[in-house]
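*Asks:* sequence plus the predicted model coming up.
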Amino acid sequence: MKLRKAAGMPSRSIDGVHRGINNSLFSVIIIEEKENLTRTVGMGRIIGDGGTVYHICDMVVLPELQDQGLGSMMMDSIMSYIRKNAPKSSYVSLMADVSGFYEKWGFEDSSPTKGMFYRT
């Protein structure tokens, strides 16, 4: 939750975070260890049914550590999981808030499909 806040992402309830993390198909976390300080500086995860639908979400790196390859390391790990575990013809989606990043892994704009959401 601190990482999301630091990156300017919307907050989530503690109950929702616990349920979400525990029900993820796959997660990547980058932890920085410096002297006696340990902090989470990046994360990303995959949710879905584990068969036909996979959704990459919660991709975040602390703003002061962006553009150093951490996001790429996380996506490499996430895509390795997808390649090893997603059956042929599975649908892998994400909501991109940056241009030119996810295309490196083969993601394409879904236009004219319209993304929608509902928040409780």
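*Replies:* Happy to help now that I have it.
*Asks:* packing partners of the lengthiest strand in the chain?
*Replies:* In the chain, taking DSSP state E as the definition, the longest strand is strand 37-48. Here strand 37-48 touches helix 2-6, strand 26-34, strand 53-61, helix 70-85, going by 3 or more CB pairs under 8 Å, 6 or more residues apart in numbering; DSSP states H and E. For glycine as for every other residue, the C-beta is placed from the backbone atoms N, C-alpha and C.
*Asks:* how about the ones you listed in TSV, adding mean neighbour count, distance to residue 15 and mean pLDDT?
*Replies:* Below are the helices and strands packed on strand 37-48 laid out as TSV (neighbours: other CB atoms under 10 Å; distance: least, CB to CB, whole Å; pLDDT from 0 to 100):
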stretch	mean neighbour count	distance to residue 15	mean pLDDT
helix 2-6	14	15	90
strand 26-34	14	18	96
strand 53-61	20	16	96
helix 70-85	16	25	98
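*Asks:* need the ones you listed in TSV (columns: distance to residue 40).
*Replies:* Putting the helices and strands packed on strand 37-48 into TSV (distance: least, CB to CB, whole Å) gives the following:
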stretch	distance to residue 40
helix 2-6	5
strand 26-34	6
strand 53-61	10
helix 70-85	11
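*Asks:* tell me how far residue 12 lies from residue 90.
*Replies:* 26 Å (CB to CB, to the nearest Å).
*Asks:* run a quick neighbour tally on the closest residue to residue 1 other than its chain neighbours.
*Replies:* If you skip the residues right next to it in sequence, residue 1 has residue 17 as its closest partner in space, 6.1 Å away by CB to CB, 6 or more residues apart in numbering. Close neighbours of residue 17, defined as other CB atoms under 10 Å, add up to 14.
*Asks:* and for residue 45?
*Replies:* Using other CB under 10 Å, the number of residues around residue 45 comes to 20.
*Asks:* tell me if I'm right that it and residue 26 touch.
*Replies:* Yes. Under the criterion of CB atoms under 8 Å, residue 45 is in contact with residue 26, at a separation of 6.5 Å.
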